[in-house]
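Colleague: sequence-free structure coming up:
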């Protein structure tokens with residue numbers, strides 16, 4: 001995986017994010033001019049008319065009413081608001097009304113407390129917390145349209161360098177689209193407080209060259225290869241409550257309450273960013289998930305050391 005980029009709306013790599021950056025700079029420019037005018041007038045008044053120790057105690061001349069000033073501070077702010085409204089509406093319309101081309105990649109993201117389920121309905125792929133998409137270029141555009149849903153509470157999908165925020169609301173479907181123009185790994189976050197572990201609900205978007213993305217798709221569409229050396233761990237997995245919550249393609253595991261584990265080891269993190277995905281951390285997670293993520297719905301499995309070693313030996317083969 002390429003180095004993760006620092007999230008910033010001022011370093012866009014996707015068409016909607018470029019539009020948001022341009023609008024933000026326009027608004028910042030107008031507000032900066034207003035600030036400079038107001039601050040400049042205040043500074044001038046303080047310097048020019050500020051009381052000095054040698055000044056006589058004389059009441060300054062009082063000015064009551066000015067048609068020109070009254071019109072200025074009414075008309076000018078009104079015009080500024082109209083301009084900001086029209087420019088914002090234009091950008092919002094341009095982003096929201098983008099038609100989905102027939103060849104666009106379709107992804108469904110489902111928010112859970114506290115992780116993201118990622119589905120590719122046309123490709124038959126289900127993963128978690130990491131989105132993989134192809135890069136787009138001028139000669140061969142590659143747009144990705146994302147459907148957002150929630151299982152439990154209100155979440156918010158936000159990858160600053162790719163698109164704007166969009167709420168993920170139970171019983172409501174929202175949509176966003178991205179068109180990443182640069183290969184890389186971009187970090188996102190649930191931007192709506194959704195409970196105890198809101199901060200540990202990270203989202204990673206990996207933008208691949210097109211050939212590399214096709215290879216990733218092919219790998220994700222395969223089922224894990226059975227290995228005699230880890231058969232005891234596979235049987236243990238199938239005999240425990242694991243299969244009630246997790247799916248591993250080609251096994252009895254077909255649960256939908258937890259992440260699909262078919263290609264567990266292809267992901268960089270466990271627990272939506274709680275900890276790196278390593279053999280030792282998988283063992284510690286299975287033993288006591290709450291030690292990494294308080295309030296997580298996965299229970300501690302209460303396995304002895306031998307069972308833990310067998311189960312982990314099987315899980316690390318899921319690539």
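Modeller: Here it is on my side, so go on. Values in this document were obtained by computation on a predicted structure and should not be read as measured data.

Colleague: so what strands line up beside the helix or strand of the chain with the lowest mean pLDDT?
Modeller: Sorting the helices and strands of the chain by mean pLDDT, DSSP states H and E puts strand 4-5 at the bottom, at a mean of 70. Applying DSSP bridges, strand 4-5 is found paired with strand 184-190 (parallel).

Colleague: could you find the closest non-adjacent residue to residue 250?
Modeller: Spatial nearest neighbour of residue 250, chain neighbours left out: residue 223 (3.9 Å); criterion: C-beta to C-beta, 6 or more residues apart in numbering. C-betas here are computed from N, CA, C, even on glycine.

Colleague: next one: that neighbour from residue 260, what distance?
Modeller: 12 Å (C-beta to C-beta, to the nearest Å).

Colleague: who's more crowded, the two?
Modeller: Neighbour count, other C-beta atoms under 10 Å: between residue 223 and residue 260, residue 260 has more, with 22 against 12.

Colleague: report pLDDT for that one.
Modeller: Here the pLDDT value assigned to residue 260 is 94.

Colleague: what does the one 4 residues further on give?
Modeller: With respect to pLDDT, residue 264 scores 95.

Colleague: quickly list what residue 110 is bridged to.
Modeller: Beta-bridge partners of residue 110, as defined by DSSP bridges: residue 117, residue 149.

Colleague: now do it: how many residues are near it, please.
Modeller: The number of residues packed near residue 110 is 20, by other C-beta under 10 Å.

Colleague: ok, now residue 49?
Modeller: By other C-beta under 10 Å, 8 other residues sit near residue 49.

Colleague: dihedrals phi and psi, it?
Modeller: phi -120, psi 10 (degrees, to the nearest 10).

Colleague: just residue 133 next, same as before
Modeller: phi -140, psi 160.

Colleague: ranges for the helices of the chain?
Modeller: 15-49, 67-96, 210-220, 231-239, 242-245, 279-287, 305-315 (DSSP state H).

Colleague: residue 200: which of the ones you listed is closest?
Modeller: helix 279-287 (12.7 Å; C-beta to C-beta).

Colleague: the closest one: which residues count as buried?
Modeller: Residues 281-287 are the ones in helix 279-287 that count as buried (16 or more other C-beta atoms under 10 Å).

Colleague: adding pLDDT and distance to residue 86 as columns, could you present the residues you listed in CSV?
Modeller: Listed next are the buried residues of helix 279-287 as CSV, based on pLDDT from 0 to 100; distance: C-beta to C-beta, whole Å:
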residue, pLDDT, distance to residue 86
281, 95, 52
282, 95, 53
283, 93, 58
284, 93, 55
285, 94, 51
286, 93, 56
287, 92, 58
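
Colleague: greatest separation within those residues: which pair is it?
Modeller: When C-beta to C-beta is used, the two most widely separated members of the buried residues of helix 279-287 are 281 and 287, lying 10.5 Å apart.

Colleague: what's the nearest residue to residue 129 if we skip its chain neighbours?
Modeller: Nearest residue to residue 129 in three dimensions, chain neighbours excluded: residue 272, at 4.7 Å (C-beta to C-beta, 6+ apart).

Colleague: how near is the residue lying closest to residue 141 once chain neighbours are set aside to residue 15?
Modeller: Excluding its sequence neighbours, the residue lying closest to residue 141 (C-beta to C-beta, 6+ apart) is residue 179, at 6.7 Å. Residue 179 sits 4 Å away from residue 15, going by C-beta to C-beta.

Colleague: what touches both of these two?
Modeller: residue 136 (C-beta atoms under 8 Å, 6 or more residues apart in numbering).

Colleague: where's residue 262 relative to residue 250, distance?
Modeller: Using C-beta to C-beta, residue 262 is found at 8 Å from residue 250.

Colleague: mutual contacts of the two, please.
Modeller: 223-224.

Colleague: which one of these two is surrounded by more residues?
Modeller: Using other C-beta under 10 Å, the more surrounded residue of residue 262 and residue 250 is residue 262, with 23 against 13.

Colleague: right, and the more buried one touches residue 249 too?
Modeller: Yes: the criterion here is C-beta atoms under 8 Å, and residue 262 meets it with residue 249 at 4.5 Å.

Colleague: residue 215: which of the buried residues of helix 279-287 is nearest?
Modeller: For these, the nearest to residue 215 is residue 282 (24.8 Å; C-beta to C-beta).

Colleague: you'd agree that closest one is up against residue 267?
Modeller: No: shown here, residue 282 and residue 267 do not form a contact pair, counting by C-beta under 8 Å, at 11.0 Å.

Colleague: returning to what we had before: dump the buried residues of helix 279-287 into CSV; add distance to residue 192 as well.
Modeller: Shown next, in CSV, are the buried residues of helix 279-287 (distance: C-beta to C-beta, whole Å):
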residue, distance to residue 192
281, 28
282, 29
283, 33
284, 29
285, 26
286, 30
287, 31
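
Colleague: quick check: mean pLDDT across stretch 85-97?
Modeller: Here stretch 85-97 scores 92 as its mean pLDDT.

Colleague: need the residues that contact that stretch.
Modeller: Stretch 85-97 has contacts (C-beta under 8 Å, 6+ apart) with 16, 19-20, 22-23, 26, 164.
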